[in-house]
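A.B. asks: curious how this folds, go ahead:
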Amino acid sequence: MIGHLVTSGTFSLDGGTWDVDNNVWLVGDDREVVVIDAAHDPDAIADAVGDRRLTAIVSTHAHDDHIDAAAELADRTGAPILLHPDDRVLWRMTYPDREPDRALADGDELTVAGTTLRVLHTPGHAPGAVCLYVPELGTVFTGDTLFNGGPGATGRSYSDFGLIIDSIRDRLLTLPPETVVRTGHGDGTTIGGEAPHLEEWISRGH
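C.D. replies: I've put the predicted structure just below:
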C-alpha cells in the first residue's frame, strides 16, 4: 500500500529561501515501510510510520527540503538514509558532519513488504536525482524530476536542463503509459499524460 502526507517548510539554495509543500511517500504494509523523501516534519512522518518497522529513508535527491527531516527520523528509528553519491555536494549543505548511510545506484532494487522498488538514476534537477519505479503497483516516484506539467526546475546550481530532458525521455517516458507518477510536490499525473509534451518542453527550455 502507498501512504502519503504533505509537509511544509522551506527550500534554500543559491542564497534564496522559498516556502514549499512537499509530498512524503510511504510504501509498505502493516509491518514494514520505507519513507521516500523525509521532508520538514519528523513528528508527522513518524506518526505516519506508526509502529511499523522503517526499513529505509530513501532520498530522491539532496535538496534541503527533501532531506531536512531525514537525520532525526533515522536517529529515532535506526533506519538507514539512502542517497545517490552524486548528490553528496548538496547533502553536505544540510548535513556537513553526517554522511548518508548507504549509496543508491542505478538499477538497485529495494524490497519492502514483498514489493520491489527499482532505482532509476535521473540526473538533471540534481546530479544524483533518482526515481523509484514500482512495477507491481503501476507507479513511479519521481521526486522533482517529473511533475504534472513538465520537468523539474533546472535554474539553480548543480542542475542541467539537457540532462533532465534526457532522463525523462530515456528513463521515464519509456515506462508503460498508464504508470502513475507520484511527485515530490503538487498533484500526480501519468506517464501517458506527460509523454506528448516532450517536444514542447524542449522548445520551452531553449
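
A.B. asks: from the chain's centre, how far out does the helix or strand of the chain with the lowest mean pLDDT sit?
C.D. replies: Ranking every helix and strand in the chain by mean pLDDT, DSSP states H and E puts helix 198-205 at the bottom, with a mean of 85. Counting by CA atoms, centre = their mean, to the nearest Å, helix 198-205 is centred 23 Å from the centre of its parent chain.

A.B. asks: contacts for that helix?
C.D. replies: 150-151, 154, 161, 165, 168-169, 173 (CB atoms under 8 Å, 6 or more residues apart in numbering). Every C-beta, even on glycine, is put in place using the N, C-alpha and C of the backbone.

A.B. asks: ok, 7 Å please
C.D. replies: Contacting residues not belonging to helix 198-205 are listed as 150-151, 161, 165, 169, 173 [CB atoms under 7 Å, 6 or more residues apart in numbering].

A.B. asks: quick check: the farthest pair among these?
C.D. replies: Phe161 and Leu173 (16.2 Å; CB to CB).

A.B. asks: and stretch 82-93, end to end?
C.D. replies: Stretch 82-93 stretches 17 Å from its first residue to its last (CA to CA, to the nearest Å).

A.B. asks: keeping just the C-alphas, turn stretch 130-137 into PDB.
C.D. replies: Presented in PDB, the C-alpha positions along stretch 130-137 are these (Å, rounded to 0.1, in the frame of the first residue of the first chain):
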ATOM      1  CA  VAL A 130      16.700   9.200  -8.700                       C
ATOM      2  CA  CYS A 131      13.200   7.900  -9.400                       C
ATOM      3  CA  LEU A 132      11.700   4.800  -7.800                       C
ATOM      4  CA  TYR A 133       9.700   2.600 -10.200                       C
ATOM      5  CA  VAL A 134       7.400   0.000  -8.600                       C
ATOM      6  CA  PRO A 135       6.000  -2.200 -11.500                       C
ATOM      7  CA  GLU A 136       3.800  -4.200  -9.200                       C
ATOM      8  CA  LEU A 137       2.000  -1.100  -8.100                       C
END
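
A.B. asks: how about it: buried residues?
C.D. replies: Applying a neighbour-count criterion of 16 or more other CB atoms under 10 Å, one finds 130-134, 137 buried in stretch 130-137.
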